[in-house]
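[1] test case, fold it:
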Amino acid sequence: MPLTKLEAYDLVYGLMETVLDPDLEEKEVHNESESRFDITYLCPDGGEVRLAVTTSESESGPRYTAETRGTFIPQSCRSRRFVLTGNPSIEFSIDIGTTLTTEGFDFDMGGDFNGTVNWDYDDKSGTCRWALDLEGIVTSDLDSAEIYLRGQACNNDLDLDISDIFEIDL
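    Numbering: from 1, shown residues only. I've put the predicted structure just below:
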């Protein structure tokens, strides 16, 4: 049985809320260095999620770029009303750039989240494919940011504001 748009929203938002939680408890460190980590975290309501992330930074003249690539793999991770397991995973990329201008800074942010998770809740179960673009909109004075995930998830068109859980330091 397919998920409704509200259920798809809950699934995506709930898993992002879990993965982006700065207070997740580490279960096991598989690999950790300055530009790379692979850590299994305990999901707050049960289960676990493994995050494998690689980061890089570069500067070219007035432009600074930070790139993040990674994978998250939920394993019986309870998130809102769902129990989620990777099938096999969600892969993501996040690119943040700033350019120094005569008026201050130009800021841009983009990326994507793609992959598949299996879900269960109540007496339903299924598979949810993600094809979501990440877009960041920052005010010209760098005072606030709006972060959106837009695209397809669980056969639904979604436009999610995740600004309150995806925090960036400006």
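[2] tell me the strands beside the longest strand anywhere in the chain, with direction?
    Criterion DSSP state E: the longest strand present in the chain is strand 82-101. Strand pairing for strand 82-101, using DSSP bridges, gives strand 63-75 (antiparallel), strand 77-79 (antiparallel), strand 104-121 (antiparallel).
[3] any chance of TSV for those, columns mean neighbour count?
    C-beta coordinates here come from the backbone N, C-alpha and C atoms, glycine included. As requested, the strands paired with strand 82-101 are arranged in TSV below (neighbours: other C-beta atoms under 10 Å):
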stretch	mean neighbour count
strand 63-75	17
strand 77-79	24
strand 104-121	17
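[4] for these, which one sits closest to residue 6?
    Distance to residue 6, taken as C-beta to C-beta, is lowest for strand 104-121 among the strands paired with strand 82-101, at 12.6 Å.
[5] check which element follows that closest one along the chain.
    Using DSSP states H and E, the helix or strand that follows strand 104-121 towards the C-terminus is strand 124-138.
[6] ok, and what's touching stretch 34-49?
    15, 18-19, 21, 24-32, 50-56, 72-79, 83-84 (C-beta atoms under 8 Å, 6 or more residues apart in numbering).
[7] which ones among those residues are found in helices?
    Among these, the members falling in helices (DSSP state H) are 15, 18-19.
[8] separate out the buried members of those residues.
    For those, a burial check counting by 16 or more other C-beta atoms under 10 Å picks out 15, 18-19.
[9] for the protein, which spans come out with low pLDDT?
    139-143, 167-170 (pLDDT under 70).
[10] hmm, back to that, for the ones in helices among the contacts of stretch 34-49, give me JSON lines that also has distance to residue 123.
    As requested, these are arranged in JSON lines below (distance: C-beta to C-beta, whole Å):
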{"residue": "15", "distance to residue 123": "21"}
{"residue": "18", "distance to residue 123": "23"}
{"residue": "19", "distance to residue 123": "27"}
